[in-house]
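Visitor: need coordinates for the following:
(one chain, ligands or ions: 2)
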Amino acid sequence: MPGRFAERGFLIFLVLGLAAGCARRPVEKVETREAMNTVVTVRVVAPSNPIARRALDDAWKEMDECVRLLDCHRPDSHISQINQSEPPFTVFVHPLVANCLAAAKEVWEETGGAFDPTIGPLLELWRKAAEEGKEPEQRNIAEALERVGMDKVEIEMETMMVARNVTARTPQSALPSQENLLEPAHLVGFTREGMRLDLGGIAKGCIIGRMVRRMERAGATAVLVDAGGDVYAAGQRPPSLVPPGGDPRWLVGVQDPRAPAQSPHEPGRLFTRLHIGDLAVATSGHYYRGFTIAGKRYSHIIDPRTGRPVSTRLASVTVVSPDPAQADGLATAIEVLGAEEGMKLVVRTEGVECLLLEWAKEPPSSEPSDDRLLEAPLVEYRSKGFAALEVGSGPTHDCVPPTSRHAGAPPPP
Ligand code: AMP
Ligand code: MG
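Guide: Residues are numbered from 1 along each chain as shown. Ligands and ions are numbered 1, 2, ... in the order given. The predicted structure follows:
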């Protein structure tokens, strides 16, 4: 009898042991959604299924909230409200918007104004020109330039404390009295009429940064968010989720600008792959989302010094930084600055690395799908630290995520 008890005891011990082991075994989950004009993929490693689920739900909530505030193409977004502000053009802004604007201002300073989130009036001008099928006149460009410049925006962070959820109609009796019911207020003011913020060059970086932080708060131990060209990875996968001899860091693909994906759902050809942990990788390519006027292709990135779409020979710019907003903003700025100035900027900016790919000759066509481009020669510029992250080109399916999808398509002939 004691033997049977002992046996049962052992069995119970085994079952409990297995259950405890299962409960502690980390899980990895992946989800994908269409948002921000691309496909967003979130990967999460967590100690259990419920924690992974909560982290994913929180990430999507964070993304939706950020997009609602930052998307200048939505008439009801916070950015649109700021853009429609009336004299004296000073408004209270949500802390999330204030933080993204402050990050944009830092990149504006770092890049000597090549990145400028007040580029809105010029984007509107060129968008209208594309609709009308004719380049804007120089005097209209000069007029729009008058309303562009981050030096014409005043940002006051935490300028005062205001009570949460208090509006002009809140009755006196309902006003909170304790100090912990107060939160800091941030003010943004335009110093000119007709200014327009457009955070398209940095918003994705700000958003994926917030998604990752929120997943960590939910208990995730390693996460990766890929928002089509903007990737941010934190932590490392535990040994139990890595194949024997594998690298626990995330593997991220950089797309070859000569063979870009034809849709956000499929990976294009890879140029290289990087092993990263606690780093962001942003790729900008300027003719992928460009526009056409009278048969000529133009970039969607505008040079704030000339007021015209950029026409450098850069096919794609990939920037690595510990800060996803900085990576996103710098990638856009280097499209404006070109390879030489761009490399100098990266060398003097601490913690930042890059890979710049420039067409060696004018490419044969403006069509991204042109087969003749596939082997077109590229000049490669890479910073020392970038080369150290590279694992070389290899099969797309090995990559997590498969690739940074938003790389450059070719410039005009
Ligand atoms: P990205 O894809 O990150 O390179 O960002 C491109 C987007 O940034 C454009 O679609 C515009 O919304 C915005 N943009 C264009 N030119 C500039 C510029 N010089 N500085 C900052 N943002 C820009
Ligand atoms: Mg950018």
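Visitor: secondary structure element for Val97?
Guide: In this structure, Val97 sits in helix 95-110 according to DSSP states H and E.
Visitor: which SSE is Glu154 in?
Guide: Per DSSP H and E: strand 153-163 holds Glu154.
Visitor: scratch that, Asp116 is what I was asking about
Guide: Using DSSP H and E, no element contains Asp116; it sits outside every helix and strand.
Visitor: dump the residue contacts of it.
Guide: 108, 148-150, 304 (C-beta atoms under 8 Å, 6 or more residues apart in numbering). For the C-beta atoms, the positions are set from N, CA and C on the backbone; glycine is no exception.
Visitor: kindly report the residues of the stretch 301-413 of the chain close to ligand 1.
Guide: Selection of the stretch 301-413 of the chain residues close to ligand 1 by C-beta under 6 Å from any ligand atom yields 301-302, 304, 328, 331-332, 336.
Visitor: can you check the stretch 151-300 of the chain too?
Guide: Neighbours of ligand 1 within the stretch 151-300 of the chain, by C-beta under 6 Å from any ligand atom: 198, 200-201, 284, 300.
Visitor: ok, so of those residues, who is nearest ligand 2?
Guide: Among these, Gly201 lies closest to ligand 2 (C-beta to the ion), at 4.1 Å.
Visitor: I'd say that closest one and Leu330 touch.
Guide: No - under the criterion of C-beta atoms under 8 Å, Gly201 is not in contact with Leu330, lying 9.8 Å apart.
Visitor: tell me which helix or strand the closest residue to ligand 2 within the stretch 201-350 of the chain sits in.
Guide: Closest residue of the stretch 201-350 of the chain to ligand 2, C-beta to the ion: Thr332 (3.5 Å). Element membership of Thr332 [criterion: DSSP H and E] is helix 324-348.
Visitor: still on that earlier bit, not counting the helix holding Val97 itself, show me its contacts.
Guide: 65-66, 69-70, 78-79, 82, 93, 115-117, 150, 153, 155, 157, 183-184, 186, 188, 197, 199, 202-203, 205-206, 210, 323, 325-326, 329-330, 333, 345, 349.
Visitor: got the buried residues for the helix holding Thr332?
Guide: 324-339, 341-343, 345-346 (16 or more other C-beta atoms under 10 Å).
Visitor: cool, and stretch 284-303?
Guide: By neighbour count on 16+ other C-beta under 10 Å, the buried set for stretch 284-303 is 284-288, 290-291, 293, 297-303.
Visitor: same question for stretch 143-161.
Guide: For stretch 143-161, burial by neighbour count (16+ other C-beta under 10 Å) applies to 144-145, 147-150, 153, 155.
Visitor: select from those residues every entry located in strands.
Guide: Among the buried residues of stretch 143-161, the members found in strands (DSSP state E) are 153, 155.
Visitor: can I get the buried residues of stretch 143-161 in JSON lines with pLDDT?
Guide: Formatted as JSON lines, those follow (pLDDT from 0 to 100):
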{"residue": "Ala144", "pLDDT": "98"}
{"residue": "Leu145", "pLDDT": "98"}
{"residue": "Arg147", "pLDDT": "96"}
{"residue": "Val148", "pLDDT": "97"}
{"residue": "Gly149", "pLDDT": "97"}
{"residue": "Met150", "pLDDT": "96"}
{"residue": "Val153", "pLDDT": "92"}
{"residue": "Ile155", "pLDDT": "86"}
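Visitor: noted, bye for now.
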